[in-house]
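Asks: Need the 3D shape of this:
(one chain, ligands or ions: 1)
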Amino acid sequence: MPPTDAFHFSPIGIVHSCYQEKFGIPRQPGLVTMATAQLELLPPYNRLDTLDGLEAYSHIWLQFVFHACISEGWKAKVRPPRLGGKSKMGVFATRSTHRPNPIGLSVVKIGKIHQHDKRILIDLHGADLLDGTPILDIKPYLPYSDSLPQATSSFTPTAERSQCKPVIFTEEAKRQCDVFSASLGKDLYTLITQIIEQDPRPSYLANQIDREHGISLWDLNIKWQAKNQHFEIFEIEKMK
Ligand code: SAM
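Replies: The predicted structure is shown next:
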């Protein structure tokens, strides 16, 4: 038997993502389809031949390090946000970031593969990854065996706290959104709407109305608050 404490893995890539902090990142991939990111292969894996054949697949599995919460350690029991933060579950019964080995697993849609000099980049769609996330491995998603429509779990996404309140931009925020959408060349309006619809607030703030929140996308700070019947985006500004 190999020594069980002797594994050492180095990243094969790093993610460049719109999400600059953990707050606001969706809880799973595929929920914010407008979120774009790029996976850059790191040396010595920055060679196109490592990706030969990948164009046959629409999605990949990414194994990654929850690098931004390593210092927080792990917990045996955690409060999954999908249960409204009310009940605790064993860490291995959840997708919590606070794991003994802080490794995450996400399935994401892939787009173009680009090469610029020695940089090899894969476009990702709908990722739930923080900017700078180290990637340990890439594997193709195999629908014939990875897709399990008969699989069950005791909760459904509709049991989540978010009741999908509409997201409404103030006139001023709409105007700012148009300006930044044009300079970024992205549909910022749909991206922000998809993110806030998920209600990123921690459960202990879920009933607070009018409290101001901010999420960071690229170099922008998106300011918003929950109202009784909707979420309101009231300012979009460049971060200093
Ligand atoms: N899909 C993955 C999984 O199941 O392993 C991640 C699920 S985890 C519940 C999703 C959360 O991880 C996001 O909402 C974000 O706050 C956090 N996250 C994403 N990238 C991270 C990183 N590099 N370091 C720490 N936390 C990260």
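Asks: now what about the top helix by length along the chain, what contacts it?
Replies: Secondary structure assigned by DSSP state H gives helix 171-184 as the longest helix of the chain. Here helix 171-184 makes contact (Cβ atoms under 8 Å, 6 or more residues apart in numbering) with 169, 187-189, 192, 218, 220, 233-237. From N, CA and C alone the C-beta is placed, and that goes for glycine too.
Asks: nearest to residue 154, of those residues?
Replies: For the contacts of helix 171-184, the closest approach to residue 154 (Cβ to Cβ) belongs to residue 192, at 32.1 Å.
Asks: tell me the centre residue of this protein?
Replies: residue 128 (1.3 Å; Cα atoms, centre = their mean).
Asks: Residue 64: neighbour count?
Replies: 25 (other Cβ atoms under 10 Å).
Asks: my read: it touches residue 103, true?
Replies: Yes. Using Cβ atoms under 8 Å, residue 64 makes contact with residue 103 at a distance of 7.1 Å.
Asks: list residues touching both of these two?
Replies: Taking Cβ under 8 Å, 6+ apart as the criterion, residue 64 and residue 103 both touch residue 136.
Asks: buried sites along the longest helix of the chain?
Replies: Within helix 171-184, the residues scored as buried using 16 or more other Cβ atoms under 10 Å are 173, 176-177, 180-181.
Asks: What of stretch 52-67?
Replies: Buried, per 16+ other Cβ under 10 Å, within stretch 52-67: 59-60, 62, 64-66.
Asks: Kindly report the same for stretch 197-210.
Replies: 197-201, 203.
Asks: Also stretch 183-194?
Replies: Neighbour-count burial for stretch 183-194 [16+ other Cβ under 10 Å]: 186, 188-189, 191-194.
Asks: for the record, mean pLDDT for that stretch?
Replies: Averaging pLDDT along stretch 183-194 gives 97.
Asks: near the ligand, which residues of this protein?
Replies: 22, 25, 27-29, 66-69, 95, 97, 104-106, 128-130, 133 (Cβ under 6 Å from any ligand atom).
Asks: Make a ChimeraX selection of the buried ones in those.
Replies: Buried subset of the residues of the chain next to the ligand, written as a ChimeraX selection, criterion 16+ other Cβ under 10 Å:
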select :25,29,66,69,95,97,104,106,128,129,130,133
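Asks: Narrow the residues of the chain next to the ligand to those in helices?
Replies: Among the residues of the chain next to the ligand, no member falls in helices (DSSP H).
Asks: circling back to that earlier point, let me see the contact set for the residue nearest to the centre of the chain.
Replies: Here residue 128 is in contact with 25-29, 31-32, 106 (Cβ under 8 Å, 6+ apart).
Asks: Kindly export the strand ranked longest in the chain (C-alpha atoms) in PDB.
Replies: Using DSSP state E to define each element, the chain has its longest strand at strand 103-116. Only the C-alpha atoms of strand 103-116 are listed here, as PDB (Å, rounded to 0.1, in the frame of the first residue of the first chain):
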ATOM      1  CA  ILE A 103     -10.700  20.300  -3.300                       C
ATOM      2  CA  GLY A 104     -13.700  21.300  -5.400                       C
ATOM      3  CA  LEU A 105     -15.400  19.700  -8.400                       C
ATOM      4  CA  SER A 106     -17.300  21.600 -11.000                       C
ATOM      5  CA  VAL A 107     -18.700  20.600 -14.400                       C
ATOM      6  CA  VAL A 108     -18.600  23.500 -16.900                       C
ATOM      7  CA  LYS A 109     -19.300  24.200 -20.500                       C
ATOM      8  CA  ILE A 110     -16.300  24.900 -22.700                       C
ATOM      9  CA  GLY A 111     -16.000  27.200 -25.600                       C
ATOM     10  CA  LYS A 112     -13.000  28.200 -27.800                       C
ATOM     11  CA  ILE A 113      -9.500  27.100 -27.100                       C
ATOM     12  CA  HIS A 114      -7.000  30.000 -27.800                       C
ATOM     13  CA  GLN A 115      -3.300  30.100 -28.200                       C
ATOM     14  CA  HIS A 116      -1.400  33.400 -27.800                       C
END
